[in-house]
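Peer 1: One predicted model, sequence on top.
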Amino acid sequence: MSLELFGNTKGLAPRQREDLERLYRRRLDAELLVSLDLGRELFERAVSVGRKIALLVSRDGEVLQVIVGTRERVYLPDMGRYRVGQGRLRRVRLIFSDLSHHSKQPKIPTDIYGDLEKLRLDAVVGVKTNENELAVTYAYLDQDENTDEPIAVTVVVPSYQEQALDFSTFIADQERKLTFLDSGTKSTNLVRAVAISVRPVSQQKADSAMLEIMELARTAGIAIVSKVIQRKAPDSRTILGKGRLEEVVLLALRRDATMLIFDAELSPSQWRAVTNLTELKVIDRSMLILDIFARRASSGDGRLQVELAQLRYNLPRLQEQDAGMSRLSGGIGGRGPGETKLEIGRRRTKDRIALLEKKLRELESKRTLRSRVRTKGAVPLVALVGYTNAGKSTLFNALTNSTVLAEDKLFATLDPTQRKIGYPVGDGTKIVTFVLSDTVGFIRELPKELVRAFKATLDELSQAAILIHVVDAVDLEIADKMNAVHKTIEDLKLSDIPRIVVLNKSDLLDTEAAERLVTAYSTETSAALLISGVKRDGLRGLKTAIVNLLHGPIGLEEEESGTEESGTDESDTDESDTGHDAEQEKEHDGTLSN
């Protein structure tokens with residue numbers, strides 16, 4: 001075993017190093033939490049170097065590691081060599097000196113509490129000398145009767161006496177209580193995360209925001225193991241505030257979470273500040289949505305659009321990682337081998353963005369040409385729009401006898417699918433033909449990078465003869481989500497296109513609730529329609545409404561399911577308009593997915 005010092009040893013004088021290395025020769029009796037002599041010496045050594053000093057001590061009293069920290073923190077070495085058995089503690093305790101001046105009693109910092117719980121240390125012990133007396137504060141893991149999970153129990157001893165605790169017997173008893181904690185509790189392979197919502201809104205709106213971020217996480221394959229709701233304005237630097245953030249980090253350690261997910265878009269500086277204060281992965285709502293889009297985009301065009309959105313979103317965060325390096329980029333003094341890897345990364349990112357923008361402009365031109373051909377051929381476009389997960393793909397399948405992917409997840413549809421279909425009308429000798437499009441759904445606060453990347457898809461809606469607004473009739477937030485869709489339609493200047501509101505999942509409503517919704521969401525020109533995409537109820541009324549808007553009231557044949565006139569699947573992929581139109585820069589409240 002190496003007897004070298006670990007940690008912040010730079011600047012120590014040779015004599016100070018020798019004094020600290022002598023701590024390796026100390027040995028504790030197995031029955032003692034800490035001896036008076038060792039506690040006093042540890043504190044004196046810390047005072048002499050002006051840095052926290054900590055010891056890792058085995059259960060039999062051997063000093064395994066001497067650690068030199070800063071005045072505020074201690075960073076532990078890799079604990080892999082001190083192996084821990086299934087359901088057992090590590091058989092190592094941490095004893096550290098507290099140099100703070102605000103209290104005569106040592107305080108255990110949040111990060112050390114985290115080490116106790118995450119690393120399953122036997123105990124953490126803070127020591128401080130006050131007028132020849134040794135003040136001790138120690139913490140250990142105990143069983144929480146309510147959750148069956150380990151929690152930290154803290155004991156404050158202003159005047160420590162060695163005989164007050166038989167540590168070897170005590171810790172053996174504690175370990176027996178904790179032996180079952182590993183059995184099956186971490187069997188899932190999903191990433192474990194804490195979801196955080198910070199909004200100055202009502203409790204109902206805060207709960208709703210949390211439900212949506214949890215549903216986004218579920219779609220992304222992330223297990224939310226705990227949630228934190230703070231109903232106040234976000235802190236400008238750390239969102240939660242530094243103290244509250246430390247509590248959340250400790251909660252994450254307790255729940256074995258490796259990620260924090262914020263239900264808000266973090267600015268680059270906020271993201272950096274939070275990341276620097278925790279070793280956990282930190283993502284925000286926008287990053288989560290971008291990740292879902294990256295996972296679900298199946299076509300080449302869709303993947304290009306997602307990549308462009310990710311690059312645009314991440315570029316300012318690359319700059320935030322080391323803003324000072326930007327002074328060295330490009331020009332005299334910044335070219336060649338002297339240029340940092342970070343700057344190379346930024347330049348390559350910008351070059352890649354330019355390339356993707358060019359490709360997507362070409363795709364947009366092709367899409368425009370296809371739209372002109374369809375318009376010239378007098379084949380009208382009917383587009384399904386609505387909030388994500390409202391059931392658009394299920395309705396699309398019901399109307400076209402198709403098998404487009406329809407899942408109970410957000411953003412199940414990313415690449416729009418189109419089918420040319422026809423319905424017999426009158427006596428059946430005439431067929432009304434149109435293209436039905438299943439589009440990516442809308443969502444509140446969609447990242448503006450995605451709005452820009454998928455603008456071509458939204459622009460195609462301007463070619464639609466009818467918009468079918470699909471609404472989840474059993475959603476408790478039906479009004480707010482409909483407003484988000486209406487706002488997006490207005491932002492895209494599509495308000496003049498005739499709309500049919502369909503209340504999906506009507507099979508889950510009672511008669512009174514159904515009548516109330518129809519009354520609430522019917523307009524002077526169009527009645528809201530009750531349908532069930534799963535049970536295929538109400539489809540005839542929807543078909544009649546579509547045909548009447550396209551050609552007037554000419555009636556349908558009794559055939560309830562749509563007959564596909566063309567076997568061609570006219571699947572299109574979203575395309576990006578990368579120009580600098582000011583309209584592109586607007587942030588939309590809602591947009592894209594299903």
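Peer 2: All right, it came through fine.
Peer 1: For the stretch 451-594 of the chain, which segments count as helices?
Peer 2: Secondary structure of the stretch 451-594 of the chain (DSSP state H, counting those that start in this stretch): helices at 455-460, 478-491, 511-521, 539-551.
Peer 1: tell me the mean pLDDT for the longest one?
Peer 2: Mean pLDDT, helix 478-491: 86.
Peer 1: What angle do helix 511-521 and it make with each other?
Peer 2: Using axes from the mean of the first three to the mean of the last three C-alpha atoms, to 10 degrees, the direction of helix 478-491 lies 30 degrees away from that of helix 511-521.
Peer 1: The helices of the stretch 451-594 of the chain into CSV, with extra columns for distance to residue 276 and mean neighbour count?
Peer 2: For the C-beta atoms, the positions are set from N, CA and C on the backbone; glycine is no exception. As requested, the helices of the stretch 451-594 of the chain are exported to CSV (distance: least, C-beta to C-beta, whole Å; neighbours: other C-beta atoms under 10 Å):
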stretch, distance to residue 276, mean neighbour count
helix 455-460, 35, 23
helix 478-491, 34, 18
helix 511-521, 48, 13
helix 539-551, 54, 18
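Peer 1: Switch those over to TSV; also include distance to residue 269.
Peer 2: Converted to TSV, those look like this (distance: least, C-beta to C-beta, whole Å):
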stretch	distance to residue 269
helix 455-460	28
helix 478-491	28
helix 511-521	43
helix 539-551	49
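Peer 1: if we compare those helices, which one ends up closest to residue 419?
Peer 2: Distance to residue 419, taken as C-beta to C-beta, is lowest for helix 539-551 among the helices of the stretch 451-594 of the chain, at 13.6 Å.
Peer 1: Now do the same contact list for the residue nearest to residue 530 when sequence neighbours are not counted.
Peer 2: Of all residues not flanking residue 530 in the chain, residue 506 sits nearest, at 3.9 Å (C-beta to C-beta, 6 or more residues apart in numbering). Residue 506 makes contact with 473, 514, 530, 531, 532, 537, 538, according to C-beta atoms under 8 Å, 6 or more residues apart in numbering.
Peer 1: any idea how far residue 240 is from residue 267?
Peer 2: 14 Å (C-beta to C-beta, to the nearest Å).
Peer 1: of these two, who's got more company?
Peer 2: residue 240 (23 against 17; other C-beta atoms under 10 Å).
Peer 1: Surely the more buried one and residue 230 touch.
Peer 2: Yes. Using C-beta atoms under 8 Å, residue 240 is in contact with residue 230, at 6.2 Å.
Peer 1: In the protein, what helix or strand scores lowest on average pLDDT?
Peer 2: helix 455-460 (a mean of 60; mean pLDDT, DSSP states H and E).
Peer 1: circling back: narrow the contacts of residue 506 to just the buried residues.
Peer 2: For those, a burial check counting by 16 or more other C-beta atoms under 10 Å picks out 473, 514, 530, 531, 532, 538.
Peer 1: List the residues that contact residue 537.
Peer 2: 506, 507, 530, 531.
Peer 1: Would you mind giving these as JSON lines with pLDDT added?
Peer 2: Listed next are the contacts of residue 537 as JSON lines, based on pLDDT from 0 to 100:
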{"residue": "506", "pLDDT": "90"}
{"residue": "507", "pLDDT": "89"}
{"residue": "530", "pLDDT": "93"}
{"residue": "531", "pLDDT": "91"}
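Peer 1: what's the closest of those residues to residue 258?
Peer 2: Using C-beta to C-beta, the contacts of residue 537 come closest to residue 258 at residue 507, 40.5 Å.
Peer 1: Please report the distance of the closest one from residue 259.
Peer 2: Residue 507 sits 37 Å away from residue 259, going by C-beta to C-beta.
Peer 1: quick one: low-confidence parts of the stretch 351-500 of the chain?
Peer 2: Applying pLDDT under 70 to the stretch 351-500 of the chain flags residues 367-368, 370-378, 403-416, 426, 428, 447, 450-460.
Peer 1: Please, where are all the strands along it?
Peer 2: 381-386, 417-425, 430-438, 464-472, 499-504 (DSSP state E, counting those that start in this stretch).
Peer 1: Can you add mean neighbour count and distance to residue 111 and give these back as TSV?
Peer 2: Formatted as TSV, the strands of the stretch 351-500 of the chain follow (neighbours: other C-beta atoms under 10 Å; distance: least, C-beta to C-beta, whole Å):
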stretch	mean neighbour count	distance to residue 111
strand 381-386	24	46
strand 417-425	20	50
strand 430-438	20	50
strand 464-472	23	44
strand 499-504	24	49
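Peer 1: in the stretch 51-200 of the chain, which segments are predicted with low confidence?
Peer 2: For the stretch 51-200 of the chain (pLDDT under 70), the answer is 80-87, 145-149, 179-188.
Peer 1: again, only this time at 50
Peer 2: For the stretch 51-200 of the chain, the stretches with pLDDT under 50 are 180-187.
Peer 1: just the strands in it please.
Peer 2: 53-58, 63-68, 92-97, 123-130, 133-143, 150-157, 191-198.
Peer 1: Can you list the strands that the fourth one pairs with?
Peer 2: Taking DSSP bridges as the criterion, strand 123-130 sits next to strand 92-97 (parallel), strand 133-143 (antiparallel) in its sheet.
Peer 1: Can you say which of those strands is nearest to residue 225?
Peer 2: Closest to residue 225 of the strands paired with strand 123-130 is strand 133-143 (C-beta to C-beta; 18.3 Å).
Peer 1: Can you list the buried residues in the closest one?
Peer 2: 134, 135, 136, 137, 138, 139, 140, 141, 143.
Peer 1: For residue 273, which three-state class applies?
Peer 2: Classification of residue 273 using DSSP: H, G, I helix; E, B strand; the rest coil returns helix.
Peer 1: Let me see the contact set for it.
Peer 2: Residue 273 touches 237, 238, counting by C-beta under 8 Å, 6+ apart.
Peer 1: and what of the one 4 residues further on?
Peer 2: Applying C-beta under 8 Å, 6+ apart to residue 277 gives the contacts 238, 242, 245, 246, 249.
Peer 1: Reformat the strands of the stretch 51-200 of the chain as a markdown table; add distance to residue 483.
Peer 2: Output for the strands of the stretch 51-200 of the chain, formatted as a markdown table (distance: least, C-beta to C-beta, whole Å):
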| stretch | distance to residue 483 |
| --- | --- |
| strand 53-58 | 56 |
| strand 63-68 | 56 |
| strand 92-97 | 54 |
| strand 123-130 | 51 |
| strand 133-143 | 48 |
| strand 150-157 | 43 |
| strand 191-198 | 20 |
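Peer 1: Which among those strands is found nearest to residue 363?
Peer 2: strand 191-198 (33.2 Å).
Peer 1: What are the contacting residues of the closest one?
Peer 2: Contacts for strand 191-198 (C-beta under 8 Å, 6+ apart): 206, 209-210, 213-214, 217, 221-230, 232, 234, 239-240, 248, 251-252, 255-264.
Peer 1: switch to 6 Å and redo it
Peer 2: Strand 191-198 is contacted by residues 206, 209-210, 213-214, 222-230, 234, 239, 252, 256-257, 259-263 when judged by C-beta atoms under 6 Å, 6 or more residues apart in numbering.
Peer 1: Restricted to buried residues, select those in ChimeraX.
Peer 2: Per 16+ other C-beta under 10 Å, the buried members of those correspond to this ChimeraX selection:
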select :206,209,210,213,214,222,224,225,227,228,230,234,239,252,257,259,260,261,262,263
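Peer 1: what about residue 231, how many residues close to it?
Peer 2: 13.
Peer 1: Thank you, goodbye.
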